[in-house]
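A.B. asks: 3D, please:
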Amino acid sequence: MSNARSPKSILIVTGLSGAGKSTSLKTLEDAGWETVDNLPLMLLDRLLAAPAPEGHDAREERPLAFGVDSRTRGFDAEAILAVIATLRQRKEYRVEILFLDCSGSVLERRYAETRRRHPLALDRPAADGIARERELMEPLRRAAEHVIDSSDLTSNALQQAIRQRFAQSFESTLTLLSFGFSRGVPRDADLMFDMRFLQNPYWDESLRDLTGLDPEVRAHVMADPLFDKAVGQIEALLITILPRYSEDGKAYVTIAFGCTGGRHRSVCVTEEIAMRLRAAGFSPTIAHRNLESTQLDAYENRRQSDRNGNEGRGV
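C.D. replies: Predicted coordinates:
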């Protein structure tokens with residue numbers, strides 16, 4: 001079996017100012033690419049020879065997206081193409097060009113809306129800078145393997161176009177979190193489910209000091225007649241909507257399950273949902289926020305008193 005490495009992918013991201021280069025680089029970065037913007041060409045070899053960034057295995061061959069436009073120091077389209085030709089002669093690299101184009105009228109509107117000056121027309125109308133830049137960038141546009149016209153694209157649509165072409169395997173980082181409402185709701189949850197309708201193991205003294213990770217507690221919670229139906233509906237909902245988060249490029253998705261103390265019901269449901277999602281092809285990470293927290297007996301007793309009072313009034 002050959003141990004030869006596949007060529008390292010290098011994508012030159014270029015185009016007209018205001019056409020979406022920054023958005024494209026950010027989207028690629030979120031998808032796992034290493035990105036560098038507006039590095040002088042003379043430093044490119046030094047960049048390629050540098051060790052992997054901290055936190056990444058040096059053996060990983062992450063693809064590199066290299067942003068360049070008219071603001072890059074020493075910009076020269078023909079010189080850039082010469083550097084690309086040299087890199088392509090080296091078998092360890094596979095180099096492609098992405099050119100981001102846009103109509104002049106749309107670019108003028110974008111500059112007017114953001115109240116920014118065009119980099120090539122600091123003291124003149126934006127239209128003059130756009131025309132000059134289009135002329136300077138034309139050699140790169142002709143040489144590009146990929147051309148995306150962002151004239152009719154929103155920022156989100158452009159991100160989707162980039163992911164479809166260069167990051168088809170993008171998947172959101174999914175976290176399933178259990179928590180206790182008595183200690184506050186999590187601030188970063190994208191979806192939150194209240195599991196306090198399930199029968200509470202706290203009121204069984206033999207289960208009180210255990211957690212939702214223990215088989216006895218799990219059996220008690222799952223014995224609730226509503227468990228299978230409710231958890232099944234939550235499972236179906238998540239399997240339906242989680243792919244959309246990835247399609248939209250959301251890097252992190254947190255699904256939270258709460259109960260009173262965060263030690264029994266929410267833990268049990270979180271573990272069960274994680275098992276079901278893994279069986280469906282997802283890769284969730286589990287976090288139990290309040291698993292080790294001390295129990296708030298007074299809070300539980302007050303909730304039980306309130307429940308008994310409401311039941312007595314027929315509520």
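A.B. asks: tell me the contacts of Thr285?
C.D. replies: Thr173, Leu174, Thr175, Leu176 (CB atoms under 8 Å, 6 or more residues apart in numbering). Any C-beta I mention is one placed from the backbone N, CA and C, and that applies to glycine too.
A.B. asks: pLDDT score assigned to it?
C.D. replies: Looking at Thr285, its pLDDT stands at 93.
A.B. asks: what pairs with it across the strands?
C.D. replies: Applying DSSP bridges to Thr285 gives these bridge partners: Thr175.
A.B. asks: kindly report the same for Glu34.
C.D. replies: Under the criterion DSSP bridges, Glu34 forms beta bridges with Leu64.
A.B. asks: surely it meets Glu61?
C.D. replies: No - with contact defined as CB atoms under 8 Å, Glu34 does not reach Glu61; the gap is 10.0 Å.
A.B. asks: higher neighbour count, those two?
C.D. replies: Glu34 (18 against 14; other CB atoms under 10 Å).
A.B. asks: give me every residue that touches that one.
C.D. replies: Pro53, Arg62, Pro63, Leu64, Ala65 are the contacts of Glu34 under CB under 8 Å, 6+ apart.
A.B. asks: now the residues you listed: which count as buried?
C.D. replies: By neighbour count, with 16 or more other CB atoms under 10 Å, the contacts of Glu34 hold Pro63, Leu64, Ala65 as buried.
A.B. asks: where does pLDDT dip in the chain?
C.D. replies: Counting by pLDDT under 70, the ranges of the chain that qualify are 1-5, 51-60, 168-170, 294-315.
A.B. asks: how about 50 then?
C.D. replies: For the chain, residues meeting the criterion pLDDT under 50 lie at 1-2, 58-59, 298, 305-306, 308-315.
A.B. asks: dump the longest helix anywhere in it to PDB, restricted to CA.
C.D. replies: Secondary structure of the chain per DSSP state H: the longest helix is helix 227-247. C-alpha atoms of helix 227-247 as PDB (Å, rounded to 0.1, in the frame of the first residue of the first chain):
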ATOM      1  CA  PHE A 227     -41.700   8.900  28.200                       C
ATOM      2  CA  ASP A 228     -41.700   6.900  24.900                       C
ATOM      3  CA  LYS A 229     -44.100   9.200  23.100                       C
ATOM      4  CA  ALA A 230     -42.500  12.400  24.200                       C
ATOM      5  CA  VAL A 231     -38.900  11.300  23.600                       C
ATOM      6  CA  GLY A 232     -39.900   9.800  20.300                       C
ATOM      7  CA  GLN A 233     -41.400  13.100  19.100                       C
ATOM      8  CA  ILE A 234     -38.300  15.000  20.300                       C
ATOM      9  CA  GLU A 235     -36.100  12.500  18.400                       C
ATOM     10  CA  ALA A 236     -38.100  12.900  15.200                       C
ATOM     11  CA  LEU A 237     -38.000  16.700  15.500                       C
ATOM     12  CA  LEU A 238     -34.200  16.800  16.000                       C
ATOM     13  CA  ILE A 239     -33.500  14.300  13.100                       C
ATOM     14  CA  THR A 240     -35.600  16.600  10.900                       C
ATOM     15  CA  ILE A 241     -34.100  20.000  11.800                       C
ATOM     16  CA  LEU A 242     -30.400  19.200  12.700                       C
ATOM     17  CA  PRO A 243     -29.300  18.900   9.000                       C
ATOM     18  CA  ARG A 244     -30.700  22.400   8.400                       C
ATOM     19  CA  TYR A 245     -28.300  23.800  11.000                       C
ATOM     20  CA  SER A 246     -25.400  22.300   9.100                       C
ATOM     21  CA  GLU A 247     -26.700  23.500   5.800                       C
END
